[in-house]
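Enquirer: Model the structure of this input:
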Amino acid sequence: MIDAVATDSSSTSGNDKQRRTRRTRMTGAERRQQLLEIGRTLFAAKGFEGTSVEEIAAKAGVSKPVVYEHFGGKEGLYAVVVDREMRRLLDMVTGSLTAGHPRELCEQAAFALLDYIEEYTDGFRILVRDSPIPQSTGSFASLISDIATQVEDILGREFKSRGFDPKLAPLYAQALVGMVALTGQWWLDVRRPKKAEVAAHLVNLAWHGLDGLEPKPRLIGHRKA
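Expert: Have a look, this model is predicted:
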């Protein structure tokens, strides 16, 4: 009788474990999201080369074949992480360009990038690294180019209304966006001064530079060509 009770208890315990396993088992979508988050953290901390499939799988508590099943390997996981971060940053910047006054547009764009760096630091660390994958879905340079295209349209309208050549808008858009992006890379680690102060100084340089823009800029040095 005692053996029977012990057996029943063991059986009940086993059933409880099975029920807990079923409750905690992830769906395919949940597992994919978990692997993306783990990969994002590891790629930001160690880079692509320093991260292994074994480590990703161990962090997720799964076997290596699970990672291959979802992404085909480390390269596939990295490409998805980069693509998601690029779309997130692009959406944040382009979605911020809502004000009517050009100076406020400059402020919004600067804040959007700095907000992204502050809220998605790991993502920005991944983006600013050169992609080690020849067939990568994108790069930080291409992302900056996409953002500059959005700014280009705004500058083109402003140039036309002020009598400047709108064909030069792409050049100025690249210069302005590049200035903000490089400052963002520097601010990523130093985090000084505060975000609002960084944005104010960026706009100070950009706006007063644009405000005093010469329709036909001239060179004053010995090189004229």
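
Enquirer: Phi, psi for Met86 please.
Expert: Backbone torsions of Met86, given as degrees, to the nearest 10, read phi -60, psi -40.

Enquirer: Leu143 is in contact with that one, correct?
Expert: Yes. Proximity of Met86 to Leu143 meets the contact threshold set by CB atoms under 8 Å, at 5.0 Å. All C-beta atoms are positioned from the backbone trio N, CA, C, and that covers glycine.

Enquirer: Name all residues that make contact with the nearest residue to Leu97 once chain neighbours are set aside.
Expert: Excluding the flanking residues, the one nearest Leu97 by CB to CB, 6 or more residues apart in numbering is Leu105, at 5.6 Å. Residues in contact with Leu105, defined by CB atoms under 8 Å, 6 or more residues apart in numbering, are Leu97, Ala99, Ile154.

Enquirer: Now do the buried residues in the helix or strand where Val66 lies.
Expert: Using DSSP states H and E, Val66 sits in helix 64-71. For helix 64-71, burial by neighbour count (16 or more other CB atoms under 10 Å) applies to Val66, Val67, His70, Phe71.

Enquirer: Restrict it to CA atoms and write it as CSV.
Expert: In CSV, the C-alpha atoms belonging to helix 64-71 read as follows (Å, rounded to 0.1, in the frame of the first residue of the first chain):
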residue,chain,number,x,y,z
LYS,A,64,21.7,25.1,-31.9
PRO,A,65,19.4,23.6,-34.5
VAL,A,66,16.6,25.8,-33.2
VAL,A,67,18.6,28.9,-34.1
TYR,A,68,19.2,27.5,-37.6
GLU,A,69,15.6,26.5,-38.0
HIS,A,70,14.4,30.1,-37.4
PHE,A,71,17.2,32.1,-39.1
